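1. Model the following, please.
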Amino acid sequence: MKICENCRGIINKPLCIGCLEKEIEFWLRNRKPELIPKIRDLLLNMINFNEKGRKCIICKNKTTVCSSCYLEDVYKILKKKDLELGKQFRFLFFDLEKKIMLQN
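-> I've put the predicted structure just below:
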């Protein structure tokens with residue numbers, strides 16, 4: 001069982017925060033590209049690849065931070081800067097996370 005270093009919950013979602021960041025950055029490019037550096041900074045502050053982490057189904061790296069914690073922190077940044085953008089993000093990315101979990 002892999003535990004998130006942030007929330008201490010079980011890491012049960014198969015996507016690492018590095019792969020999620022790439023998708024978020026792509027999504028932000030045409031909406032608010034000036035927020036991309038803030039999202040990158042968040043990733044750098046949270047990322048911790050090591051052997052105790054959960055293996056990502058995309059890149060195969062291991063991470064010790066769950067995608068839920070990362071997505072929630074990204075949402076807070078976006079909501080603070082642009083409430084409507086935050087709502088769009090939450091709808092898109094949290095629904096994506098649920099769909100991925102249903103497939104596995």
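
2. Hmm, residue 74 is touching residue 89, no?
-> Yes: assessed by Cβ atoms under 8 Å, residue 74 is found in contact with residue 89 at 6.9 Å. Yep, even glycine has a C-beta here, placed from its N, CA and C like the rest.

3. more neighbours, the two?
-> A side-by-side neighbour count of residue 74 and residue 89, using other Cβ atoms under 10 Å, places residue 74 first with 24 against 21.

4. Just confirm that one is within a helix.
-> Yes: under DSSP: H, G, I helix; E, B strand; the rest coil, residue 74 sits within a helix.

5. Give me the common contacts of residue 74 and residue 89.
-> By the contact definition Cβ atoms under 8 Å, 6 or more residues apart in numbering, residue 74 and residue 89 are jointly contacted by residue 24.

6. Isn't residue 35 up against residue 29?
-> No: under the criterion of Cβ under 8 Å, residue 35 is not in contact with residue 29, lying 10.2 Å apart.

7. which one of those two has more residues nearby?
-> Using other Cβ under 10 Å as the criterion, residue 35 and residue 29 rank with residue 35 on top: 18 against 10.

8. Just the buried positions in the helix or strand encompassing residue 71, please.
-> Using DSSP states H and E, residue 71 maps to helix 67-81. For helix 67-81, a neighbour-count test (16 or more other Cβ atoms under 10 Å) marks 67-71, 73-75, 77-78 as buried.
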